[in-house]
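Peer 1: missing the sequence, but the structure's below:
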């Protein structure tokens, strides 16, 4: 299973339901059907809600899939796009020991720049973006949620 949703949970039940829904998830290499997903969210939710999309910050895929339909979702809901950054990319970006390492560093730097650019485009679309390494993604999402609550956005 590679998809999960939690709808209609009370504040006290939400965390437990999220854990139960996400625990059996397994990664899968499938292209997201953003249009269908956003249509499903809009059909199932009546009140303004927090929608968290866990995805890769792949510029090409998001430009062709998510960005064109994102305004429909962000107009009615608070949207957070969360992505797990690969720590190996940062390691490669600092390599300069030989010619191969320099090429790897250039490719890694290009990947980081592309990631920052798509995150910026998402933010300009009114979306919050959380981009963190695997060890930090859960606390970063929790911090973003708490910050949104503290500023009255939720």
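Peer 2: Received the coordinates, thanks. Given the structure is predicted, the values throughout are model-derived calculations rather than measurements.
Peer 1: List the contacts of the longest strand anywhere in the chain.
Peer 2: The strand of greatest length in the chain, counted in residues with DSSP state E as the criterion, is given as strand 78-84. Outside of strand 78-84, the residues that reach it under the criterion CB atoms under 8 Å, 6 or more residues apart in numbering are 48-57, 66, 70, 73, 115, 119, 122, 126-134, 137, 140-141, 144-145, 148, 153-154. For the C-beta atoms, the positions are set from N, CA and C on the backbone; glycine is no exception.
Peer 1: Out of the residues you listed, which sit inside strands?
Peer 2: Secondary structure assignment (DSSP E) places 50, 51, 52, 53, 54, 128, 129, 130, 131, 132 from the contacts of strand 78-84 within strands.
Peer 1: Are any of those buried, and if so which?
Peer 2: Neighbour-count burial within the ones in strands among the contacts of strand 78-84 applies to 50, 51, 53, 128, 129, 130, 131, 132; the criterion is 16 or more other CB atoms under 10 Å.
Peer 1: quick one: the helices in this protein?
Peer 2: Counting by DSSP state H, the segments of the chain that form helices are 14-22, 34-44, 59-64, 66-74, 87-93, 99-124, 137-150.
Peer 1: roughly how far out does the shortest one sit from the chain middle?
Peer 2: I take that to be helix 59-64. If you compare the mean C-alpha spot of helix 59-64 with that of the full chain, they lie 13 Å apart, counting by CA atoms, centre = their mean, to the nearest Å.
Peer 1: do the longest one as well
Peer 2: From the chain centre to the centre of helix 99-124 is a distance of 17 Å (CA atoms, centre = their mean).
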